[in-house]
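Novice: Sequence first, predicted coordinates after that:
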Amino acid sequence: MLRIGLDVGGTFTDVVIADETGVRGTYKVLTSASDPIGPMIEGMKAILERIGAQPAEIGQVVHGTTLVTNAVIERKGASTALITTQGFRDVAEIGREWRYDMYDIFLDPPPVLVPRHHRFEVEERTAAKGDVVIAVKPEAVASIVKTLPEEIRSVAICFLNSYAEPRNERAAADTISKLRPDLYLSVSADIAPEIREFERLSTTITNAYVQPLVEPYLTSFQERLRDAGVRAQLLIVLSNGGLVTAESASRFPVRIIESGPAAGVTGAAYVGRRSSEDRILAFDMGGTTAKVTFIDDGRPLIAREFEAARAYRFRPGSGIPLKVPAVELLEVGAGGGSIASIDTMGRIRVGPESAGSSPGPICYGLGGKQPTVTDADLTLGYLDAQRFLGGRMQLRKDAAQSGIISDIGQPLGLDTLKAAWGVHQVINENMANALRVHSGERGKDPRKYSMVAFGGAGGVHACRVANALRIPTVIFPELASVLSAFGMLSAPLAFDFVRTSRQSFANIDWTTVNALYADMEQEGRALLLNGGAEPGDISIERICDMRFTGQGYEIEVPVPNGTLAHQHESIIRQGFNAVYERLYGRVPAHLIPEALNWRVRVTGKKVDIDPRARRESGPSRLMSTIRQAYFPETGLHDTTVIERAALSQGDKIASPCIVQQDDTTIVVPPGWSGVVDHSFNLVLRYQG
């Protein structure tokens, strides 16, 4: 059975195809913003033709998409209405009443996806412990439905304390479904059944806002796959790196908001495991953005809540809070398509605006007029104008040079090479500075990590970013340019569940806890079996959000599987004490802990794919040529260009040099040396 991974990025769409022997081939094609499905079908057909296979041989298609995050950032979701408890319709706007910049009198509040005139109230009330005090009246809900504006396509239902008892929400949803079956419905008890009203409301609204876009998109994608002769199952990457069916993704689209980047992290974790590296810094630089995350012992950091569409990238509180599990990523507007300009103070400014795939960098010859990072890298001699995308796309070096000198060089009095180097170095420092902030917030020391660099532009910039952060080792996988698409194929089916039940460890009700876990695990097993998992391959991981009574924030503690009883209390408390001491240095002995949220992660069988299977046996000697490239340490220099396809296990390289392959380029600046390891990764180490 062939499996195919399809990753739609801001500039390129990546395709990877594999079978039980390993990766069979890869392909890159320019992304189309107006029709993202078209390039995926094009790339799929091209790669099938290349390996001599038929569409009917594909048994599984795995897809990662930026559709949800783009819709939220650009405010291009569907017209949505909110129905909530009487007196609570302004919670969406009031939020936490937290000014993320207390000194900015022109501060932009976080966006509200549902305007006030589309937010409606209904009389109902559920107590905090789950008692229904006032039942919702169907006629009251019907009255609201009849007055909904014509443009409304989706409705979010979020009642007070419904995480404890969803009866009123479900009754309201039933009434709406009978009166208006054409409306999309998002019920908070299904989307985010956990405590904290504002975040639960925000998550439910976001799900409703994008659902009318995601379901038709995935339906259309499946239809076009069938038209192309593919009858395979379609799986979608979740923000936590796991996979679900297209049907589940259509129901919970808010969970795929970080779909593509999460797959890249899964791929980087896979590379780290094969390289026996237990501390990995995943560095993904594509055409539009750069993403970074820390991976310890093969497990990336998972955030249970994060913000989308921040007004200010590094200001917590300036975005839309979402209660969904997601790989904890730092995302910077830095990629090959990032536009370079001169700011009002006469300094080089690069990004966050991107030329994307249309019109793209000047050197693409597709109408781009503003110089970009790719134009600078081509001018510096790092890229081969004749070999871009394996020779399928010719770059215009003369046009890139003209753009660099006219927009950057002449205003600053710099020659072409120094202007291009300025652009290159600014984007490197932008990424390094953002990573310094991120690592400090997470208590991580980048010097203790090995960087796994991937993405189309990652190889050109990784060593300079590593230099700035004093990271000693950079690993370049053979599939670096398409590692996100590869990560999709190595990801398991997985889904996360959560239920809130506040339990003090002074008197914990294990009957309630066991019932919650049994319910979540049963739902999780059914979901994975529907996705094609075998019963014996499903594993269960339990987690509990705990804190000391009176605290406002929780920490995650592992919980044993099986039926829980009084004897498990000490095991869980020991786990809590260990995590608490690691984070805060000491554990107050006189305080009693309490549990707030009970979580389950249900995971299918992990997939092991050999990325080396696509390699054809090449000559053992290093095939190389010479190209002039600029390094500030040497000036314009005759630089060795090595064909990566000729590299074999154990081969060593010296700097400065350029390692070139069909879909990406690796720049090895002075001070670095490298070796090809047993997995055919190119491992570079800084020698100083």
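Specialist: Good, I have the coordinates.
Novice: Go ahead and name everything in contact with the helix or strand of the chain with the lowest mean pLDDT.
Specialist: Ranked by mean pLDDT, DSSP states H and E, the helix or strand of the chain with the weakest confidence is strand 330-332, at a mean of 81. Residues outside strand 330-332 that contact it (C-beta atoms under 8 Å, 6 or more residues apart in numbering) are 261, 289-293, 313, 351-352, 430-431, 434-435, 438. All C-beta spots, glycine's among them, are computed from the backbone N, C-alpha and C.
Novice: pretty sure residue 130 contacts residue 161?
Specialist: Yes. Shown here, residue 130 and residue 161 form a contact pair, counting by C-beta atoms under 8 Å, at 7.4 Å.
Novice: between those two, which one's more packed in?
Specialist: Using other C-beta atoms under 10 Å, the more surrounded residue of residue 130 and residue 161 is residue 161, with 22 against 14.
Novice: ok, the more buried one - contacts?
Specialist: Residue 161 touches 126, 127, 128, 130, counting by C-beta under 8 Å, 6+ apart.
Novice: which of the contacts of strand 330-332 has the most neighbours?
Specialist: That'd be residue 261 among the contacts of strand 330-332, by other C-beta under 10 Å, with 30 neighbours.
Novice: which SSE is that one in?
Specialist: helix 259-274 (DSSP states H and E).
Novice: So the protein: which segments form each domain?
Specialist: 72-214, 275-334+426-488, 353-423, 494-603, 624-686 (automatic domain parsing).
Novice: What is the end-to-end distance of the second one?
Specialist: Start and end residues of domain 275-334+426-488 are separated by 19 Å (C-alpha to C-alpha, to the nearest Å).
Novice: is it true that residue 475 lies in a strand?
Specialist: Yes. Under DSSP: H, G, I helix; E, B strand; the rest coil, residue 475 falls within a strand.
Novice: if I look at it, how far off is residue 267?
Specialist: With distances taken as C-beta to C-beta, to the nearest Å, residue 475 is found 12 Å from residue 267.
Novice: got it, and residue 388?
Specialist: For residue 388 relative to residue 267 (C-beta to C-beta), the value is 23 Å.
Novice: Residue 553 contacts residue 546, doesn't it?
Specialist: No. Under the criterion of C-beta under 8 Å, residue 553 is not in contact with residue 546, lying 10.5 Å apart.
Novice: of the two, who's got more company?
Specialist: Taking other C-beta under 10 Å, residue 553 and residue 546 do not tie; residue 546 has more neighbours (24 against 7).
Novice: Now the residue nearest to the spatial centre of the chain: closest residue in space that isn't a chain neighbour?
Specialist: In the chain, the residue lying closest to the centroid (C-alpha atoms, centre = their mean) is residue 261, at 2.9 Å. Counting by C-beta to C-beta, 6 or more residues apart in numbering, residue 261 lies nearest to residue 291, which is 4.7 Å off, once chain neighbours are set aside.
Novice: Likewise for residue 541?
Specialist: Nearest to residue 541 is residue 601, by C-beta to C-beta, 6+ apart, at 4.4 Å.
Novice: and the gap between the one you found and residue 257?
Specialist: For residue 601, the distance to residue 257 - C-beta to C-beta - is 18 Å.
Novice: Work out the gap between the helix or strand harbouring residue 377 and the centre of the chain.
Specialist: Taking DSSP H and E as the definition, one finds residue 377 inside helix 373-379. Computed by C-alpha atoms, centre = their mean, to the nearest Å, the separation of helix 373-379 from the middle of its chain amounts to 26 Å.
Novice: for stretch 156-166, same thing?
Specialist: 28 Å.
Novice: just the helices in the stretch 51-200 of the chain please.
Specialist: With DSSP state H, counting those that start in this stretch as the criterion, the stretch 51-200 of the chain has helices at 67-73, 91-94, 138-146, 167-179, 188-191, 197-227.
Novice: quick one: buried residues of the helix or strand immediately after the longest one in the chain?
Specialist: Helices and strands here follow DSSP H and E; after helix 197-227, the next one along the chain is strand 233-237. The neighbour-count criterion (16 or more other C-beta atoms under 10 Å) identifies 234, 235, 236, 237 as the buried residues of strand 233-237.
Novice: need these in a markdown table with pLDDT and distance to residue 341, can you?
Specialist: Below are the buried residues of strand 233-237 laid out as a markdown table (pLDDT from 0 to 100; distance: C-beta to C-beta, whole Å):
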| residue | pLDDT | distance to residue 341 |
| --- | --- | --- |
| 234 | 94 | 41 |
| 235 | 95 | 41 |
| 236 | 95 | 37 |
| 237 | 94 | 34 |
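Novice: which one of the residues you listed is nearest residue 136?
Specialist: Distance to residue 136 across those (C-beta to C-beta) is lowest for residue 236, with 33.1 Å.
Novice: pretty sure the closest one contacts residue 252?
Specialist: No. With contact defined as C-beta under 8 Å, residue 236 does not reach residue 252; the gap is 10.0 Å.
Novice: joint contacts of those two?
Specialist: Contact criterion C-beta under 8 Å, 6+ apart; residues bridging residue 236 and residue 252 by contacting each: residue 244.
Novice: still on that earlier bit, of residue 475 and residue 267, which one has the most company?
Specialist: residue 267 (32 against 28).
Novice: Next one: the nearest residue to the more buried one once chain neighbours are set aside from residue 241, what distance?
Specialist: For residue 267, ignoring the flanking residues on the chain, the nearest one in space by C-beta to C-beta, 6+ apart is residue 487 at 2.9 Å. Plainly put, residue 487 is 8 Å away from residue 241 if you go by C-beta to C-beta.
Novice: shaky segments in the chain?
Specialist: Within the chain, the set of residues satisfying pLDDT under 70 comprises 311-314, 612-623, 688.
Novice: can you do 80?
Specialist: 10, 97-102, 104-110, 260, 309-318, 357, 610-624, 688 (pLDDT under 80).
Novice: Most distant residue from the centre of it?
Specialist: The outermost residue of the chain, judged against the average C-alpha position, is residue 139 (42.4 Å), by C-alpha atoms, centre = their mean.
Novice: picking that back up, which one of the buried residues of strand 233-237 sits closest to residue 102?
Specialist: residue 237 (38.0 Å).
Novice: Pull the contacting residues for the closest one.
Specialist: 62, 63, 64, 243, 256, 259, 260, 262, 263, 488, 491.
Novice: Tell me how many other residues crowd residue 41.
Specialist: By other C-beta under 10 Å, the residues close to residue 41 number 20.
Novice: Could you quantify the relative orientation of the strand or helix carrying it and helix 197-227 as an angle?
Specialist: Under the criterion of DSSP H and E, residue 41 resides in helix 37-51. Put simply, helix 37-51 runs at 50 degrees to helix 197-227, going by axes from the mean of the first three to the mean of the last three C-alpha atoms, to 10 degrees.
Novice: Report the buried residues of helix 37-51.
Specialist: Using 16+ other C-beta under 10 Å as the test for burial, helix 37-51 gives 37, 39, 40, 41, 42, 43, 44, 45, 47, 48.
Novice: hmm, who's touching it?
Specialist: Under C-beta under 8 Å, 6+ apart, the answer for helix 37-51 is 4, 6, 8, 13-15, 17, 24-32, 54-55, 58, 63, 217, 220-221, 224-225, 228, 230.
Novice: Kindly export the helix holding residue 377 (C-alpha atoms) in CSV.
Specialist: Presented in CSV, the C-alpha positions along helix 373-379 are these (Å, rounded to 0.1, in the frame of the first residue of the first chain):
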residue,chain,number,x,y,z
VAL,A,373,15.5,36.7,1.5
THR,A,374,15.6,34.3,-1.4
ASP,A,375,16.8,37.1,-3.7
ALA,A,376,19.6,37.9,-1.2
ASP,A,377,20.6,34.2,-0.8
LEU,A,378,20.8,33.9,-4.6
THR,A,379,22.8,37.1,-4.9
